[in-house]
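Enquirer: Got a predicted structure here, sequence first:
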Amino acid sequence: MKIARIETFLVPPRWLFVRIETDDGIVGWGEPVVEGQADIVRAAVEQHAEYLIGLDATRIEDHWQVLTRGGFYRGGPVASSAIAGIDQALWDIAGKAHGVPVHDLLGGAVRDRIRMYGWVGGDDPSELRDNIAKQVSSGLTAVKMNGSGRMKPIGTASAINEVVERAALAREVLGPDRDMAIDFHGRMTVANSRRVLPLLEPYAPLFVEEPVVPEKSHLLEGIVASTSIPISTGERLYSRNEFLGPLQAGITVVQPDLSHAGGISEVRRIAALADIFDAQLAPHCPLGPIALASSLQIGFNTPNFLIQEQSIGIHYNVGSDVLEYLMDTSVFDFTSGYIERLTAPGLGIDIDEAAVRAADKVGHQWRSPVWRHDDGVLAEW
Ligand SMILES: [Mg+2]
């Protein structure tokens, strides 16, 4: 079974899909994308296609090794995301060739359903109450919000109060039996973190995410020591090597993105590494249906799996949403906040190829917002 054709599709709202077809007609789909840099990743995938065409589609690990290490230079979001999408598509092909879902190829299911959480915003706290109520009424038992908007290196009393008030409001709406996670998007500093996190403890967040940017991961140990709240990070870490330091610093939730951190092959290894540190896997996924299906396949097979992010209806998804490129959207239905085990072969979803081809003609030019502080200096978004 040889790789015969590799195509990429730039589809709204901000995604890139890859379609790999074998010489016996099996088609696999992947989602190789860095949000805001989709065209750059597309070029990387197209270059990798030169190598892959004509090779055995079943040798996923060997292809992963060559694409990751064979080019001498390695790592970083663009390279790791290009490989991630190709890896997803090859696992999709392998599952379809054997007639089983990917988690069966990985050793079978260890759980029957996966707990999901939804986004409720938080950059602007005014809509938080309604957004949480909406997610709860959709059946979700956990939500995630941004903990702050722009945050100065040492926040004012009122800026810190605003963070605490968001958490208090969320806890009031959620009650004691549902969970909230708080994402700081790297907007905090050590100074802010040590002051704010103890004040959030009474509201019992499930975890606090990315208090500092990933290049400051060497400071996580002090942040972990300053609070009883579980600390998470990982959407901007791209390999098991990059997770080692944060795990040694004491983070207890790892959040690799299936479309950034080397795909199913590498995230599986990151989960095993995290298990040694008693940390739980909660894959990052504000992306499309293929990234979500890949995350779920890992979740069904990973014992130390906590919860899955998904972005159905998220504010980024203007014009298109997670469900629009699927023939059968019911695979992503929530029942009491859970998604039931995907049983179809491969990644377990059926991509609407005609819709993808039509969307690629529209394309997109999504870019990350650039935020600045009052004095004009760049702020973390
Ligand atoms: Mg995040």
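Expert: Done, it's in. Numbers count the residues shown, from 1 in each chain.
Enquirer: Quick one: name the residues of the stretch 101-250 of the chain near the ion.
Expert: Contact residues (CB under 5 Å from the ion) of the stretch 101-250 of the chain with the ion: 183, 235. To be clear about C-beta, it is placed using only N, CA and C from the backbone, and glycine gets the same treatment.
Enquirer: all helices of the stretch 101-250 of the chain, in order?
Expert: Here the stretch 101-250 of the chain has its helices, by DSSP state H, counting those that start in this stretch, at 102-105, 128-137, 157-174, 190-200, 220-225, 240-249.
Enquirer: now, of those helices, which is deepest in the fold?
Expert: Comparing the helices of the stretch 101-250 of the chain by mean neighbour count (mean count of other CB atoms under 10 Å), helix 102-105 ranks first with a mean of 22.
Enquirer: tell me the domain boundaries of this protein?
Expert: 3-100, 104-347 (automatic domain parsing).
Enquirer: Hmm, residue 88 is touching residue 31, no?
Expert: Yes: Residue 88 is in contact with residue 31 according to CB atoms under 8 Å; the separation is 6.4 Å.
Enquirer: which residues are common contacts for those two?
Expert: Both residue 88 and residue 31 are contacted by 258-259, 290-291, 294, under the criterion CB atoms under 8 Å, 6 or more residues apart in numbering.
Enquirer: Can you give me the buried ones in stretch 371-381?
Expert: For stretch 371-381, a neighbour-count test (16 or more other CB atoms under 10 Å) marks 379-380 as buried.
Enquirer: Check whether it comes near the ion.
Expert: No: on the criterion CB under 5 Å from the ion, stretch 371-381 is out of touch with the ion, staying 11.3 Å away.
Enquirer: check contacts around residue 217.
Expert: By CB under 8 Å, 6+ apart, residue 217 lies in contact with 233, 237, 245-246, 249.
Enquirer: Tabulate the residues you listed in TSV, adding columns for distance to residue 276.
Expert: Output for the contacts of residue 217, formatted as TSV (distance: CB to CB, whole Å):
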residue	distance to residue 276
233	17
237	16
245	14
246	13
249	14
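Enquirer: Closest one of the residues you listed to the ion?
Expert: Ranked by distance to the ion (CB to the ion), the contacts of residue 217 are led by residue 233 at 8.5 Å.
Enquirer: Determine the number of other residues adjacent to the closest one.
Expert: Other residues lying near residue 233 total 29 when counted by other CB atoms under 10 Å.
Enquirer: May I ask you to confirm that it is in contact with residue 207?
Expert: No: Residue 233 is not in contact with residue 207 according to CB under 8 Å; the separation is 9.5 Å.
Enquirer: circling back to that earlier point, among the helices of the stretch 101-250 of the chain, show the one with the smallest mean pLDDT.
Expert: Mean pLDDT is lowest for helix 128-137 out of the helices of the stretch 101-250 of the chain, coming in at a mean of 92.
Enquirer: Show me how far that helix is from its chain's centre.
Expert: 22 Å (CA atoms, centre = their mean, to the nearest Å).
Enquirer: helices or strands next to that helix in the packing?
Expert: Packing partners of helix 128-137 (3 or more CB pairs under 8 Å, 6 or more residues apart in numbering; DSSP states H and E): strand 142-146, helix 157-174.
Enquirer: Now do residue 65: how many residues are near it, please.
Expert: Residue 65, neighbours per other CB under 10 Å, totals 12.
Enquirer: Enumerate every residue touching it.
Expert: Counting by CB under 8 Å, 6+ apart, residue 65 has no contacts.
Enquirer: Which strand or helix spans it?
Expert: Following DSSP states H and E, one finds residue 65 within helix 60-69.
Enquirer: Give the buried residues for that helix.
Expert: The neighbour-count check on helix 60-69 (16+ other CB under 10 Å) flags 60, 63-64, 66-68 as buried.
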